[in-house]
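1. After the sequence you'll find the predicted model.
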Amino acid sequence: MPADEAWSANSNEALQLSLVAPSNDGIKTLAKFYPKFTYPIFGNAEEIFGYKNLQINLRYNATDMRPTLSITYSKKFTAVGETEATDIEGILREYLPEVAFQKKNDFEAAVKNVRDDWSPPGELLVSFNAHSKNTTSTYEVWKGNLADPAVKQVIKRIQILAPIYIEGGSAIPVDEGEDDRWTVFFLYQKKTSTADPTKTDYVFAGYSTVYRFFYFKAPISPPATPSVEDLDLENPKFDLSELPCRTRISQFIILPPFQGKGLGTKFYSLIFEEYINHPQTVEITVEDPNEAFDDMRDLADLAYLRKMPEFRALHLNTSIVIPKTGPAPNDIIDKDAYEACRRKAKIAPRQFARVLEMDLMSRLPDSVRPDIDAEGEEDEEEAEGGQAASTSNGVSDATKREPTPEEAHEYKLWKLLLKKRLFLHNKDALGQLEKKERPQKLNEAVANVEFDYSRLLLKLEELKKRAEAEAANGLSDKAKGKRKAVDEGDVEEMGSATKKARVEDAEE
Ligand SMILES: CC(=O)SCCNC(=O)CCNC(=O)[C@H](O)C(C)(C)COP(=O)(O)OP(=O)(O)OC[C@H]1O[C@@H](n2cnc3c(N)ncnc32)[C@H](O)[C@@H]1OP(=O)(O)O
């Protein structure tokens, strides 16, 4: 082993996070977990030099997320010239608040002394039950504003979670004059205290930050020279938060011990619902969603939209004759009905188009509908160059019956709708290709999207079945009355998967 390797530790393994709570005999650990990546903190190699048996423990009080840092090792490298051990504490000071560096005893005293009536910051938005592995747990979503000192304190304590769990994630700006434009949602598990069964314990499970942009709509014909009155607010005490806005989900994290239980989906749906009911919000968008988030959101949005009669009424206009040459028709879907539904759903244009395409694809006749089997495998014969029915998309079943001309026409229309959007979305990239290469690239993109939609629709079916099985086992959600989508959504709420084919760039 090279000498410097013996002194190097993998920072993803050396840094351990945990949630702790008071117990009858001191402090107990509720859960331990590791970062997804640490390169934003310790550098691209994700290595820490200069220690043997290094352990960096970042313990959080599970209620108020007060952190404490402890760094232990059996040996530290003695500096030789400019080569010295990494200054771990110095590096982490950039990401953690001062309180994390206080003495262990102070932390433990603080954990034990949290008020009996402590509750998460902000106001309670909703409480719901979630089922996993035959157990039912209660969760609460709390909503607050970053300008509230209690909300701000928790945010400052957990800012390190963004760079270690979100690719390219960073802390949100705090105390920079914009605090009131940030809304924070906290997800907490609520359970009976083991130390004292008459009390309730809260355990932090995740959070999301949401930013409010002013929604600027250029006037149709602005005055050539604005008068002074045009520039003055009529009422200087006018509340800016009353202006129309675009609401953007910025950070969204479910802590690892709580992942894969459907909580992300539920939390997202609750936040979404909150802004559907927020009159000032014109559109709900997401900042740089990753693939896992995209999947979760696609399926949650689809479940939500399928409950809207206006969405269900949107359909392919099969009476259209597809021209042999020239641009694709503009009215494959009724444009006015489409836009009215999109605006009502407050979903950004590209996301709405994708979810609608997915739904329309699920409505195609069996003979032409692209699909994959439960293992996500494309048909073998097809993969080897065989032709299945008339779909030729790489995901269809070779055993499908021959489509009727009407069915083939419907599928062609659906593909045209998709192609048109992909063409506009990828116009610049396509423009850089030779003209003759463009149709092939576009067809490849269509096949990839078909595969992706098939995968998501299959996942939706699996989640429905799982929820139905749970309901049949008598574990259906009992948290009635708070929010319809949560109660009904158990059947339709769903989760994420690793994307196999993402052909389009993120737009938001
Ligand atoms: C805007 C942004 O911040 S983008 C960045 C998003 N955040 C991150 O990537 C941070 C790290 N990751 C996370 O925080 C989480 O993993 C998230 C937010 C991506 C997803 O949250 P989760 O709570 O794990 O989502 P959820 O449980 O709803 O779905 C995940 C999986 O659980 C499965 N699942 C869904 N419901 C249930 C259920 N009731 N029981 C068991 N499993 C379920 C889903 O099928 C999915 O499985 P898959 O991975 O095989 O597709």
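-> Nice, thanks for sending it over.
2. What ranges does the stretch 251-400 of the chain have for its strands?
-> Remark: strands assigned in the stretch 251-400 of the chain by DSSP state E, counting those that start in this stretch are 281-286.
3. Residue of it closest to the ligand, please.
-> In the stretch 251-400 of the chain, the residue that lies nearest the ligand is Gly264 (2.3 Å; Cβ to the nearest ligand atom). Every residue, glycine included, has its C-beta placed from N, CA and C.
4. Give me the neighbour count for that residue.
-> 27 (other Cβ atoms under 10 Å).
5. Mind listing the residues bridging to the residue lying closest to it once chain neighbours are set aside?
-> Distances taken as Cβ to Cβ, 6 or more residues apart in numbering put Ile254 closest to Gly264, at 4.7 Å, once the chain neighbours are dropped. Under the criterion DSSP bridges, Ile254 forms beta bridges with Gly206.
6. Can you give me the neighbour number for Ile254?
-> Neighbours around Ile254, by other Cβ under 10 Å: 23.
7. same deal with Lys436?
-> The burial count for Lys436: 7, using other Cβ under 10 Å.
8. how about low-confidence regions in the protein?
-> Low-confidence segments of the chain, defined by pLDDT under 70: 1-5, 216-240, 373-398, 473-508.
9. Next, find the distance separating the residue most central in space within it from Thr265.
-> Residue closest to the average C-alpha location in the chain (Cα atoms, centre = their mean): Phe293, at 3.3 Å. Distance, Phe293 to Thr265, by Cβ to Cβ, to the nearest Å: 11 Å.
10. What residue in the stretch 1-150 of the chain comes nearest to the ligand?
-> Ser132 (5.2 Å).
11. Contact partners for that residue?
-> 261-262 (Cβ atoms under 8 Å, 6 or more residues apart in numbering).
12. Quick check: bridge partners of it?
-> Taking DSSP bridges, one obtains Thr135 as the residues bridged to Ser132.
13. Next, work out how far apart it and Arg466 are.
-> 11 Å.
14. Buried residues of the top helix by length along the chain, list them for me.
-> In the chain, taking DSSP state H as the definition, the longest helix is helix 438-472. For helix 438-472, a neighbour-count test (16 or more other Cβ atoms under 10 Å) marks 438, 441-443, 445-460, 463-464, 466-467, 470 as buried.
15. Contact residues of this protein facing the ligand?
-> Residues of the chain lying near the ligand by Cβ under 6 Å from any ligand atom: 132, 165-166, 249, 251-254, 259-265, 286-287, 289-290, 292-293, 296, 459, 463, 494-497.
16. go with 5 Å
-> Residues of the chain that fall close to the ligand, judged by Cβ under 5 Å from any ligand atom: 165-166, 251-254, 259-260, 262-265, 286, 289-290, 292-293, 495-497.
17. Selection in ChimeraX covering whichever of those are buried, please.
-> In ChimeraX, this line selects whichever of the residues of the chain next to the ligand come out buried by 16+ other Cβ under 10 Å:
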select :165,166,251,252,253,254,259,262,263,264,265,286,289,290,292,293,495,496,497
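18. What about the residues of the chain next to the ligand, which are in helices?
-> If you go by DSSP H, the residues of the chain next to the ligand have 165, 263-265, 292-293 in helices.
19. Could I have the CA atoms of stretch 409-421 written out in PDB?
-> Output in PDB follows, covering the C-alpha atoms of stretch 409-421 (Å, rounded to 0.1, in the frame of the first residue of the first chain):
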ATOM      1  CA  HIS A 409     -53.500   6.600 -37.400                       C
ATOM      2  CA  GLU A 410     -54.100   7.300 -33.700                       C
ATOM      3  CA  TYR A 411     -50.600   6.100 -32.900                       C
ATOM      4  CA  LYS A 412     -49.100   8.200 -35.700                       C
ATOM      5  CA  LEU A 413     -50.900  11.300 -34.400                       C
ATOM      6  CA  TRP A 414     -49.600  10.700 -30.900                       C
ATOM      7  CA  LYS A 415     -46.100  10.300 -32.200                       C
ATOM      8  CA  LEU A 416     -46.400  13.400 -34.200                       C
ATOM      9  CA  LEU A 417     -47.500  15.400 -31.100                       C
ATOM     10  CA  LEU A 418     -44.400  14.100 -29.300                       C
ATOM     11  CA  LYS A 419     -42.100  14.600 -32.200                       C
ATOM     12  CA  LYS A 420     -43.200  18.200 -32.600                       C
ATOM     13  CA  ARG A 421     -42.400  19.000 -29.000                       C
END
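20. distance of Asp87 from Ile48?
-> Counting by Cβ to Cβ, the gap from Asp87 to Ile48 is 10 Å.
21. let me redo that: Thr138
-> Distance from Thr138 to Ile48, by Cβ to Cβ: 39 Å.
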